[in-house]
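Engineer: from the sequence below, what's the structure:
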Amino acid sequence: MAIANPTILIMMTTYNGEEFLIQQIESICQQSYSNWQLVVRDDGSSDQTLAILNTYAEKDARIQVVQNQTDYHGAYPNFWGLVAYCKQLKAYDYYMFADQDDVWDKDKLEVYMDFCSDKGLNEPLLVYGDMRIIDGDGQVTSNSLEANLGIAYTNAISTFFAHKVHGCNSFFNRCLFELALPLSPEEPEAKYVSHDNYYTKFAALLGQVYYLPRPMMSYRRYGTNVTSQHAYDFRVKRILKRISRIDSLAKDHALTYNQTLVAINRMRSLPLTQNQQKFLMQVELIIKRGGWFALYHVQMAKVDWGKPVKNISRKLLLLTKLYRQYTN
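Structural biologist: Model prediction:
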């Protein structure tokens, strides 16, 4: 049964984000769906970020600002600290993450709400959509991240090998928020486990993941933000260049697999079905054994990393086992 006027909690972290923060908060405040709350956790900004946040919080009662006063700093620990804080708040119907430098389309919340209106509430659910990419000047550099990378959802097992979901464009229900076992900021793993893909794995194993094939926001990529080093052009020339630096590529994929192994370890503390336990064992064996064993099983399971060139490079890494020297 659909909920009347569902509540949404938006979780944002900030750090020295004065350049683009106003535009992002304005895009949230101007959403066509208005029954939301925004909690922002600042990580000790030295610019005008905190002043900007406090100004908006004074004007809009839906906005709350908290500060990271712990010894655990950085993009991921700050998000995990924010999650821990939000766990103590009243329960909301839906939850979202937000970055400090993007721009949301005016109907982003409304589209997600409409899509979820006929979905069940008793199992974990996560929805994400396409995004256009903009640069530091707000100019569109790509109309579709799906066209660039192939981020559409294919199957559950692919979420454990490919990070296609960006937290800033995901929307998930209370059931997922309560079931996914969060990391604590003081844990060593909190430095490298991304919250977005972590929650996606729980949804894929325990419930449902959906992809909406339309841009929901403008995703800003520029020189100093957290994911600026991520490439969004997968032409053959670039792939060949990456393969020529095979050790760096191996480290990148080892990080993805380390995040998966952390998630699997947490999931095993839940009351899983026999099929879910077998699923996790299969993923873990593929990562830990690599080689022809891994190549055969990802092929049989139809693991999909996105564009064909991405699938080729990822399978090559599994076959060579070069990533294993960097996995936990």
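
Engineer: shaky segments in the stretch 1-150 of the chain?
Structural biologist: Within the stretch 1-150 of the chain, the stretches with pLDDT under 70 are 1-2.

Engineer: tell me which stretches of it form helices.
Structural biologist: Assigned by DSSP state H, counting those that start in this stretch, the helices in the stretch 1-150 of the chain fall at 18-29, 49-59, 75-87, 108-116, 145-149.

Engineer: contact partners for I22?
Structural biologist: By CB atoms under 8 Å, 6 or more residues apart in numbering, the residues touching I22 are I52. Backbone N, C-alpha and C define where each C-beta goes, glycine included.

Engineer: all further residue positions should be reported with the first residue as 19.
Structural biologist: In the new numbering, first residue 19, that becomes I40.

Engineer: next one: it from G185, what distance?
Structural biologist: Remark: distance between I40 and G185 (CB to CB, to the nearest Å) = 21 Å.

Engineer: quick one: which of the helices of the stretch 19-168 of the chain is nearest Q295?
Structural biologist: Ranking those by proximity to Q295 (CB to CB) places helix 93-105 first, at 25.8 Å.

Engineer: so which elements touch that closest one?
Structural biologist: Packed against helix 93-105, as judged by 3 or more CB pairs under 8 Å, 6 or more residues apart in numbering; DSSP states H and E, are the following elements: strand 26-32, strand 54-60, helix 213-224.

Engineer: one more time with 10 Å, if that's ok
Structural biologist: Contacts defined by 3 or more CB pairs under 10 Å, 6 or more residues apart in numbering; DSSP states H and E place helix 93-105 against strand 26-32, strand 54-60, strand 81-85, strand 112-116, helix 192-197, helix 213-224.

Engineer: who's in contact with the third one?
Structural biologist: Applying CB atoms under 10 Å, 6 or more residues apart in numbering, the external contacts of strand 81-85 come out as 28, 30, 32, 43, 46-47, 54-63, 67-68, 70-76, 99-100, 103-104, 107.

Engineer: could you give me the buried positions within that strand?
Structural biologist: I81, V83 (16 or more other CB atoms under 10 Å).

Engineer: how far off centre is it?
Structural biologist: Taking CA atoms, centre = their mean, to the nearest Å, one finds strand 81-85 lying 21 Å from the centre of the chain it belongs to.

Engineer: ranges for the strands of the stretch 219-346 of the chain?
Structural biologist: Assigned by DSSP state E, counting those that start in this stretch, the strands in the stretch 219-346 of the chain fall at 226-238.
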